[in-house]
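Q: Dropping a prediction and its sequence here:
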Amino acid sequence: MKLIFVYNADSGFVSSMLDIGHKIVNPETYTCNLCKMTFDTFTENKKWKEFRENADIDMEFLHRDEFEEKYNMKLEYPVVLRESDTLETALTQEELDSFDTLDALIDAVKKIAS
């Protein structure tokens, strides 16, 4: 089983710069809680990085444009999917938006993977 994390952001330098600017100028309207929790303004959150690197969980991280190209489907983002024989939603946009701490996300990922 693999968990696929799909950010509500596109890949590429320009998109990254726009996201950074949005986080700085108007963070309350930023539309990707998964991004907010796992990345600081310029780098990956240290606690998340440590969890990701030490967890015995197969994880893949994609931007929405990368996901749509690879899987030829569109969803509501952000989303976490569980892939085994098929893709199924493990954490919806609403569930991800409800997390107000990184610990809540980590706990949810641990539950999904167990």
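A: That came in fine, so what should we check first?
Q: Helices of the protein, residue ranges please.
A: Taking DSSP state H to define them, one finds helices in the chain at 13-25, 33-38, 46-54, 64-71, 93-98, 102-113.
Q: what comes up buried for the second one?
A: Residues of helix 33-38 classed as buried by neighbour count (16 or more other Cβ atoms under 10 Å): Asn33, Leu34, Cys35, Lys36, Met37, Thr38. (Glycine included, C-beta is placed from N, CA and C.)
Q: Make JSON lines out of these and add distance to Val6 and pLDDT.
A: Output for these, formatted as JSON lines (distance: Cβ to Cβ, whole Å; pLDDT from 0 to 100):
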{"residue": "Asn33", "distance to Val6": "13", "pLDDT": "75"}
{"residue": "Leu34", "distance to Val6": "8", "pLDDT": "84"}
{"residue": "Cys35", "distance to Val6": "11", "pLDDT": "78"}
{"residue": "Lys36", "distance to Val6": "15", "pLDDT": "82"}
{"residue": "Met37", "distance to Val6": "14", "pLDDT": "82"}
{"residue": "Thr38", "distance to Val6": "12", "pLDDT": "89"}
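Q: ok, those residues vs Ala55, which is closest?
A: Taking Cβ to Cβ as the measure, Ala55 lies nearest Thr38 of the buried residues of helix 33-38, at 13.0 Å.
Q: So the closest one sits against Ile106, correct?
A: No - counting by Cβ atoms under 8 Å, Thr38 sits too far from Ile106 to count as a contact (9.9 Å).
Q: what touches both of the two?
A: Both Thr38 and Ile106 are contacted by Trp48, under the criterion Cβ atoms under 8 Å, 6 or more residues apart in numbering.
Q: for the protein, what are the low-confidence residue spans?
A: Along the chain, the model assigns pLDDT under 70 to residues 12-32, 40-41.
Q: re earlier: looking at the helices of the chain, which one is packed in the most?
A: Among the helices of the chain, ranked by average contacts under mean count of other Cβ atoms under 10 Å, first place goes to helix 33-38 (a mean of 20).
Q: So which elements touch it?
A: Counting by 3 or more Cβ pairs under 8 Å, 6 or more residues apart in numbering; DSSP states H and E, the packing neighbours recorded for helix 33-38 are strand 2-7, helix 93-98, helix 102-113.
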